[in-house]
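**Q** Kindly return the folded structure for what I paste below:
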Amino acid sequence: MFAKNIATISFFISLSRIFGFVRDILIAKFLGIGLLSDVFFASFRVPNFFRRTFAEGAFNNAFVPLFIDKHSNLGQEASKKFIANISAWLLLILWLVVICFQLFMPFLMKVFFPGFFESVEKSELLISLSRITIFYLVFIAMVSLFSGILNAVNKFATASATQLILNLTLIFFITVVGKYFYNYAYALAWGVFTAGVLQLLFIGFFSYRCGFLVMPQLPKNNSDFKVFLKKLVPGLIGANVMQINLLIDSIFASAIVGAISYLYYADRINQLPLATIGIAISVALLPNISKKIKTGELEKANKLQNTALEIGLFLALPASLALTILAENIIGVLFERGAFTHHETIKVGLALKYYSFGLPAYILVKIFEPTFFARSNTKTPMKIAIFCVLLNVVFNYIFHLYNFGYVGIILASIVASYINFSLLFFFAYQKKYFSFQQNLWQKIIKILLCAVFMASCLWFCKNYFGNDLWQIWQLALVIVIGLLVYFIFAYITGCFTLLKQLHKK
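**A** Next up is the predicted model:
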């Protein structure tokens, strides 16, 4: 069941990311890298931060264990009252946040993107677009609430499918109605707003079919809400180090021309394995491990954590090495057309290469966080997160002083992520939340050897194809060859037995 849940989530995330690449290809074609692209990506950064925070992080980590406990012990009616109260508070808080953003948008955007305010045109466009996109956080937060409910009752497909709607909507707005707006950046901003409405309607319909669609009531400051808030606030920091670091990175990137766009396109590719591996495992792991801990099956919970770690490394290590070797080719094939030139390909390719070094850490952080949240321990990840965010600021400043440019921003994030993972692992081991099962280290070494063989094959193919690797079919062929080599060596070394074991789970 656990493997099936991971596969379901990964499938829909992969599908969403494919359409996301189509969306980004179109944005690159129509906007290129310049004023419009920088401003749109910046205006979407804040609501997108909330999307990732709620949909992939803190909200689910705080809400799901409490909902499972309520639903298992007191039944559906009690859990529906819990949903009604939490949704009422959520709406109240989010609308207050939106109003504050609308009132203080110039000041807040100057804090987040100070470099943009050196140009009047750039700053005014940023403020205008941000006033539109900020409403998205209200819709996506409610979507996340109902997604968490559906995930808790093993309805992973519907919750995962909502992510498709954003990409499909933005594709429609830039290709069909974009020419009717003042510019394509405005079209995309209104596309974000529309996508939020559609996502909420979609998830609301399926929540209704499952019997969990309830109308918000007047918010009550009862014990359930206090417990939820106690878990949520630390979780907002603890589960979102990467997202907080991205916001910090934006402050430094706004001072470098084109850096916002370079980091955006590179991160979009890096997010594919992060989402399909790290986030998919994390989302599937949390309700499963929570149920086992609630029933006192601690050994089974640890076994599940070991399995998640093994799956994560089995997929993350080859993905990281493949992105390192093929970074520039992937960017060129996907985006180099229209206003996106070869110069931009080189810049974004370099950013992706550096991002790929941190991919295993990003994924492992996502895998280890649920073991804390399932035990309602949100304070430990929060303390680690605060420390790592401060480290990111320090390293960003140091690299900025030494003129590392946008590469320094990525390096700071990578260092912070590896320290974040190391501390999560240390405290999980110390608190006896996690212990290595027999032979896990040997399996990890075998996985690493298989990934190195695959990387060698990709390097050889890249040199063999040379300039031809800028065509999509040659790139696809090289990737397929790399995957075949990896799975063949995984079969020979015995790593492939992992997949057979998963099939039985």
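
**Q** quick one: pLDDT of Phe41?
**A** We have a pLDDT of 84 for Phe41.

**Q** Contact partners for it?
**A** 260-261, 264 (CB atoms under 8 Å, 6 or more residues apart in numbering). (Glycine included, C-beta is placed from N, CA and C.)

**Q** Which one of those is nearest to Phe399?
**A** Ile260 (16.7 Å; CB to CB).

**Q** Tell me, domain by domain, which residues of the protein belong where.
**A** Annotated domains of the chain cover 2-437, 438-505 [automatic domain parsing].

**Q** ok so, going back, which of the contacts of Phe41 has the most neighbours?
**A** Highest neighbour count within the contacts of Phe41: Ser261, with 29 neighbours (other CB atoms under 10 Å).

**Q** In which helix or strand does the nearest residue to Ser43 once chain neighbours are set aside reside?
**A** By the measure of CB to CB, 6 or more residues apart in numbering, the closest residue to Ser43 outside its immediate chain neighbours is Leu129, 3.7 Å from it. Applying DSSP states H and E as the criterion places Leu129 in helix 120-133.

**Q** Next: Ser413.
**A** Here Ser413 is assigned to helix 406-430, by DSSP H and E.

**Q** Burial check on the residue lying closest to Phe117 once chain neighbours are set aside, number of neighbours?
**A** The shortest distance from Phe117 to any non-neighbouring residue, by CB to CB, 6+ apart, is to Ser123 (4.5 Å). Applying other CB under 10 Å, we find 19 residues neighbouring Ser123.

**Q** got it, and Leu96?
**A** Neighbours around Leu96, by other CB under 10 Å: 10.

**Q** From Leu103, how far off is it?
**A** 11 Å (CB to CB, to the nearest Å).

**Q** sorry, back to before: identify the residues contacting the residue nearest to Phe117.
**A** 106, 109-110, 116-117.

**Q** So which of those residues belong to helices?
**A** 106, 109-110 (DSSP state H).

**Q** Which one of those sits in the busiest neighbourhood?
**A** Met109 (23 neighbours).

**Q** Surely that residue touches Phe116?
**A** Yes. With contact defined as CB atoms under 8 Å, Met109 and Phe116 form a contacting pair (7.2 Å).

**Q** which residues do the two both contact?
**A** With CB under 8 Å, 6+ apart as the test, Met109 and Phe116 both reach 42, 123, 126.

**Q** For Val480, what are phi and psi?
**A** The phi/psi pair for Val480 (degrees, to the nearest 10) reads phi -60, psi -40.

**Q** where does the chain have low pLDDT?
**A** 1-7, 50-61, 216, 233-243, 246, 465-470, 496-505 (pLDDT under 70).

**Q** heading toward the C-terminus, what's the first helix or strand past the helix holding Ser413?
**A** Using DSSP H and E, the helix or strand that follows helix 406-430 towards the C-terminus is helix 440-465.

**Q** Helices along the stretch 51-200 of the chain, start to end?
**A** 58-74, 76-112, 120-133, 136-152, 156-172, 184-209 (DSSP state H, counting those that start in this stretch).

**Q** Let me see the contact set for the closest residue to Leu170 other than its chain neighbours.
**A** Nearest residue to Leu170 in three dimensions, chain neighbours excluded: Gly191, at 4.5 Å (CB to CB, 6+ apart). Applying CB under 8 Å, 6+ apart to Gly191 gives the contacts 169-170, 172-174.

**Q** distance of Gly191 from Pro65?
**A** Applying CB to CB to Gly191 and Pro65 gives a distance of 35 Å.

**Q** just Ala253 next, same as before
**A** In terms of CB to CB, Ala253 sits 36 Å off from Pro65.

**Q** out of those two, which sits in the more crowded spot?
**A** For Ala253 versus Pro65, neighbours defined as other CB under 10 Å are more numerous around Ala253 (28 against 24).

**Q** buried set for stretch 199-210?
**A** For stretch 199-210, burial by neighbour count (16 or more other CB atoms under 10 Å) applies to 199-200, 202-203, 206-207.

**Q** Relative to the whole chain's centre, how far out is it?
**A** Distance, stretch centre to chain centre, for stretch 199-210: 23 Å (CA atoms, centre = their mean, to the nearest Å).

**Q** And for stretch 166-175?
**A** Relative to where its chain is centred, stretch 166-175 has its mean C-alpha point 20 Å off (CA atoms, centre = their mean).
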